[in-house]
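**Q** Could you look at this predicted model? Sequence included:
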Amino acid sequence: MKKIVEKHPLAIRWFHWVNFPVLALMIWSGLLIYWSNDVYRLGWGDTTLLKFFPQAVYDAFSMDHKLAKGLSWHFALMWLFAVNGLLYVGYTLVSGEWRELLPGRHALTEAFQVVLHDLGLRKAPLPARKFNAAQQLAYTAVVLMGAGSLLTGLAIYKPTQFGWLTTALGGYEWARIEHFALTVGYVLFFLVHIAQVVKAGWNNFRAMVAGFELVDVPPPAPAAVRTEEPPTIIG
Amino acid sequence: MDQPLAPLESNPPDGAAEATVAAADAAVVREANRRSRRAFVLTGLTALAGLGGWRWLVSQPDEAGIPWTLRRILDANGRVAAAYFRETRLAPVFPPSRARALRVNAHYGLRDKAFDPATWRLRVQAYGTGQMHEFTLADLQALPRVEMITEFKCIEGWSTIVQWAGVRFSDFLTRYPLAVRAGVPEKLAPYVSLMTPDKAYYVGLDMHSALHPQTLLCYELNGVPLTADHGAPLRLVTPLKYGIKHIKRIGTIAFADTRPADFWAERGYDWDAGH
């Protein structure tokens, strides 16, 4: 029989859905800034595997010559990103939700099993927790990355007033690279996240909007007392 | 005993049990659908409201190159930064081995072909009286010489460690107290304005940053006098601000009570431009 099982509290859903457009806009405005000095690439010496970014990417999103626009959006939205993120982390601590999200001691082993399962190589079902170990690792990592973006961002935004932080991160140029690398990390997270959400199906997605899942449970055993005659004792 | 148990009298027959479960399920599904619909409608409305807010924001009239709402936030950030600012906080300095050639990024204010550094004078307009005072390069070089190796940061995102030499702006104002009104020596003008001789490029600076020990009237770059491309004979250097404030070929310095005009601030950039 079917049952409504509450899954994601309203606060969690708010933080999640606010973060989606805000982070997207932070990345967009950050790219407008990055374009002005787009020196990063995957490669070595004279060999470039991937340039960040090919001209086609800039053209597709009309990203050139918009440094001032990028800076003004980035330094406005950073407040929303930071406040939303801090409130989210605070909420997970206060509500106890952190217990579901933090990876346990055997997380790496279990996460490997989850990957095998998702690739169709392992048939055994996943553990019946709210989040499996791969999710716990991902959802905790992305919070640490958020903190990293905040700190590296601060280090390149105020490298004299927060000079100790910039120096601790390896200096201005390195802090900028770290800030950029974390952003690439979000994009990779997003791609996997979306694929998993699609794979998990409607019921799971609906839970992040409406807060509950529809679950099948076995019907309860009949509870009435039997009224047959007591067994005849042959004696 | 092998006799089958009599059917339980308090339970209806099997078919009716299934019907009860089905009816209960249908009620649950209806409730789920009702809640889902409500949640998605509310989410959709919130998203539309957010989109509406965004569109309102971008449609607002510009104030100095960006929507006025964003300009307000930039200025508010500037006030937060000013509250946190400490003159004692120094930009990191580096050993000479780290110094590199400095890119020439633009020639704003350098296009007057008639400019002759030999006949150039630094013109400083006194705060209050408005009287113009003139100084030669020799006048400035007579003041204490300061060398420093700091990281120049362009607002575009690139940075270079550079060796500078010049005179502290604070030493200049100590020797020539032109930023105070007569009779009120302790009250310095809150803002400094610097402009190229052709008036094509100009920056504004808050007095706190101007007085910082690492803010220099600079006449040497990487061990040699400034070349024309780098703003000969005198430019402003301050590792507290992005490169947009490092005006080349200083022509006139003045002092103001309100934020002076700033070339890049008019084009959408942060007036404070501090880090």
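**A** Sure, I can see it.
**Q** Mind jotting down where the strands sit in chain A?
**A** Applying DSSP state E to chain A gives strands spanning A:2-6, A:41-44, A:47-51, A:212-216.
**Q** for chain B, same thing?
**A** Counting by DSSP E, the strands of chain B are B:62-63, B:66-67, B:122-125, B:132-135, B:146-153, B:159-168, B:180-181, B:184-188, B:191-195, B:202-206, B:216-221, B:224-225, B:235-237, B:252-256.
**Q** separation between residue B:75 and residue A:76?
**A** 11 Å (CB to CB, to the nearest Å). C-beta: built from backbone N, CA, C; applies to glycine.
**Q** Give me the pLDDT for residue 199.
**A** In the absence of a named chain, this looks at chain A. Model confidence at residue A:199, given as pLDDT, is 94.
**Q** oops, I was thinking of chain B
**A** 96.
**Q** got the phi/psi numbers for it?
**A** phi 60, psi 10 (degrees, to the nearest 10).
**Q** what separates the closest residue to it other than its chain neighbours from chain A, distance-wise?
**A** Closest residue to residue B:199 apart from its sequence neighbours, by CB to CB, 6 or more residues apart in numbering or on different chains: residue B:251 at 7.6 Å. If you measure residue B:251 against chain A using CB to the nearest CB, to the nearest Å, the figure is 25 Å.
**Q** what does residue B:113 give?
**A** 28 Å.
**Q** Count residues in the vicinity of that residue, would you?
**A** Residue B:113 has 6 neighbouring residues, counting by other CB atoms under 10 Å in any protein chain shown.
**Q** And residue B:228, by the same measure?
**A** There are 14 residues near residue B:228, going by other CB under 10 Å.
**Q** mind listing what it touches?
**A** B:110, B:117 (CB atoms under 8 Å, 6 or more residues apart in numbering or on different chains).
**Q** cool, residue A:75 as well?
**A** Taking CB under 8 Å, 6+ apart, one finds A:157, B:73-74, B:77, B:270 in contact with residue A:75.
**Q** Correct me if wrong: residue B:121 contacts residue B:133.
**A** No. Look at residue B:121 against residue B:133 with CB atoms under 8 Å: they stay out of range, at 9.5 Å.
**Q** Tell me who's in contact with residue 172.
**A** No chain specified, so I'll use chain A. Contacts of residue A:172 (CB under 8 Å, 6+ apart): A:155-156, A:159, A:166, B:151, B:153, B:159.
**Q** To clarify, I was referring to chain B.
**A** With CB under 8 Å, 6+ apart, residue B:172 has these contacts: B:140, B:143, B:217.
**Q** Let's see if you can find the most crowded of those residues.
**A** Going by other CB under 10 Å, residue B:217 tops the contacts of residue B:172 with 23 neighbours.
**Q** Quickly, which of the strands of chain B bottoms out on average pLDDT?
**A** For the strands of chain B, where the average pLDDT is lowest is strand B:184-188, sitting at a mean of 86.
**Q** ok and that one relative to strand B:252-256, angle-wise?
**A** 90 degrees (axes from the mean of the first three to the mean of the last three CA atoms, to 10 degrees).
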